[in-house]
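Asker: Here is a sequence with its predicted model. Questions after.
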Amino acid sequence: MLTGGIATGKSYVLDRFTALGVPTLDADHLAHDAQAPGGPAWQAIRDYFGAEMFDERGYLDRPKLGALVFADAQALATLNRLVHPHVRAAITTWFANLAPPTPFGVVAIPLFYEVPRTEVFDHVIVTTCQASRQLARVVARGLTEPQAQLRIDAQLTTAVKVQRADDVIWTDGTHADTDHQVEALWGALSAVTSWATRRAPNTAPRRS
């Protein structure tokens, strides 16, 4: 399982695992699907937050809702409560459908530590970078520094996530530096899971 604070390089690292042939899944994409018209969380979000949070086509105005929930902890908790059960169900189904000889799959869950859950993952990877680099990356997405800091502060601190991780990937350097870390971790996980698969050939792929 891959997690980390906003703008710490999760998407890039997940893409690198994909390029190495590892089955990957992004919980953010599942959340977007759940919130889209016809998605399982769409009506509940509309009922709670109001029609004004949606455009004329029925799609959620994500910047508008983001401005609300990142300034209101209760609103953010409610949004997570409405969306995340559907995301968790989709992740469980995805792993269940990964069949041997696939040794392991990686799912990116940005709010893994922030939202209570019962799933157990074999390995937790955390992406991280210096706080100043993280803030600059969020600002580069079109937010002011105060808006960016609100989004960073809404999550568990990177330092705590790093302490809880099985492995940490630093993304302050060049893409080549990050690639090297991902490739080294891919090799280590492949070696461990290949051994496990040989010992127990009927075991489902590991959840990473």
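Answerer: Nice, I can see it. Note that the coordinates shown come from a computational prediction; the quantities given were computed from them, not determined experimentally. Numbers count the residues shown, from 1 in each chain.
Asker: Residue ranges in this protein under the pLDDT threshold?
Answerer: Scanning the chain with the threshold set as pLDDT under 70 gives 118, 194-208.
Asker: wait, is residue 39 part of a strand?
Answerer: No. Counting by DSSP: H, G, I helix; E, B strand; the rest coil, one finds residue 39 to be coil, located in no strand.
Asker: What are the phi and psi values at it?
Answerer: The phi and psi values for residue 39, taken as degrees, to the nearest 10, are phi -80, psi 160.
Asker: my guess is it meets residue 30, correct?
Answerer: No. Residue 39 lies out of contact with residue 30 (Cβ atoms under 8 Å); the separation is 9.6 Å. Where you see a C-beta, it was placed from the backbone N, CA and C, and this is true even at glycine.
Asker: more neighbours, these two?
Answerer: Taking neighbours as other Cβ atoms under 10 Å, residue 39 and residue 30 compare with residue 30 leading, 22 against 18.
Asker: The more buried one reaches residue 89, doesn't it?
Answerer: No. Using Cβ under 8 Å as the test, residue 30 is too far from residue 89 to be in contact (9.2 Å).
Asker: just the strands in this structure please.
Answerer: Shown for the chain, the strands assigned by DSSP state E span residues 2-4, 24-26, 104-108, 125-128, 167-170, 206-207.
Asker: Highest mean neighbour count out of these?
Answerer: Sort the strands of the chain by mean neighbour count, taking mean count of other Cβ atoms under 10 Å, and strand 2-4 sits at the top with a mean of 27.
Asker: Using the record's assignment, carve this structure into domains.
Answerer: In the assignment given by automatic domain parsing, the structural domains of the chain cover 1-23+105-208, 27-97.
Asker: hmm, back to that, which one of the strands of the chain lies closest to residue 94?
Answerer: Closest approach to residue 94 among these (Cβ to Cβ): strand 24-26, 5.3 Å.
Asker: Run me through the strand neighbours of that closest one, direction for each.
Answerer: strand 104-108 (parallel) (DSSP bridges).
Asker: Export the partner strand to CSV, keeping only CA atoms.
Answerer: Coordinates of the C-alpha atoms in strand 104-108 are reproduced here as CSV (Å, rounded to 0.1, in the frame of the first residue of the first chain):
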residue,chain,number,x,y,z
PHE,A,104,1.8,-8.4,-5.4
GLY,A,105,-0.2,-5.3,-6.2
VAL,A,106,0.1,-1.7,-5.0
VAL,A,107,-2.8,0.6,-4.2
ALA,A,108,-2.3,4.3,-3.5
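Asker: what does it contact?
Answerer: For strand 104-108, contacts defined as Cβ atoms under 8 Å, 6 or more residues apart in numbering pick out 1-3, 10-11, 14, 17, 22-28, 91, 94-95, 98, 122-123, 125, 189-190, 193, 205-208.
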